[in-house]
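> Kindly generate the corresponding structure for this input.
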Amino acid sequence: MNESFSFDELKLMYSLTHECIYMNNRQLDSDASLSPETRNDIIDENKIARHCWRKLRAALASKSPEFLSALDASLQSLD
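All right, here's what the predicted structure looks like:
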């Protein structure tokens, strides 16, 4: 994966994927009006996003573990 994208592209994709997961988690936690079907769709989307996020994380870690640590510290917690 890291051979196909520049470091800046990896950083951007990592941040965007992280934000997607974060926003989906917030919606799942706070929106009681979600239908079961919508809730399941969001959960499925998060499964795919987490898979991509882990791959991006590994690619960034292989290029600059220090930068990845700093980037993680600047982003909202996913827990």
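> contacts, neighbours, all on C-alpha from now
Fine.
> what does stretch 65-79 contact?
15, 18, 21-22, 25, 57, 60-61 (C-alpha atoms under 8 Å, 6 or more residues apart in numbering).
> I'd like to know which of these are buried.
15, 18, 21-22, 25, 57, 60 (16 or more other C-alpha atoms under 10 Å).
> Make TSV from these and add secondary structure, pLDDT and distance to A73 to it.
Listed next are the buried ones among the contacts of stretch 65-79 as TSV, based on DSSP: H, G, I helix; E, B strand; the rest coil; pLDDT from 0 to 100; distance: C-alpha to C-alpha, whole Å:
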residue	secondary structure	pLDDT	distance to A73
S15	helix	94	12
H18	helix	95	12
I21	helix	96	16
Y22	helix	95	14
N25	helix	95	19
R57	helix	93	13
L60	helix	92	14
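> Out of these, which two sit at the greatest distance?
N25 and L60 (23.3 Å; C-alpha to C-alpha).
> what helices or strands is the one helix or strand E45 maps to leaning on?
Taking DSSP states H and E as the criterion, E45 maps to helix 36-63. When contacts are defined as 3 or more C-alpha pairs under 8 Å, 6 or more residues apart in numbering; DSSP states H and E, helix 36-63 packs onto helix 7-30, helix 65-74.
> tilt between that helix and helix 7-30?
150 degrees (axes from the mean of the first three to the mean of the last three C-alpha atoms, to 10 degrees).
> Just the buried residues of helix 36-63, please?
Applying 16+ other C-alpha under 10 Å to helix 36-63 flags 39, 42-43, 46, 49-50, 52-53, 56-60 as buried.
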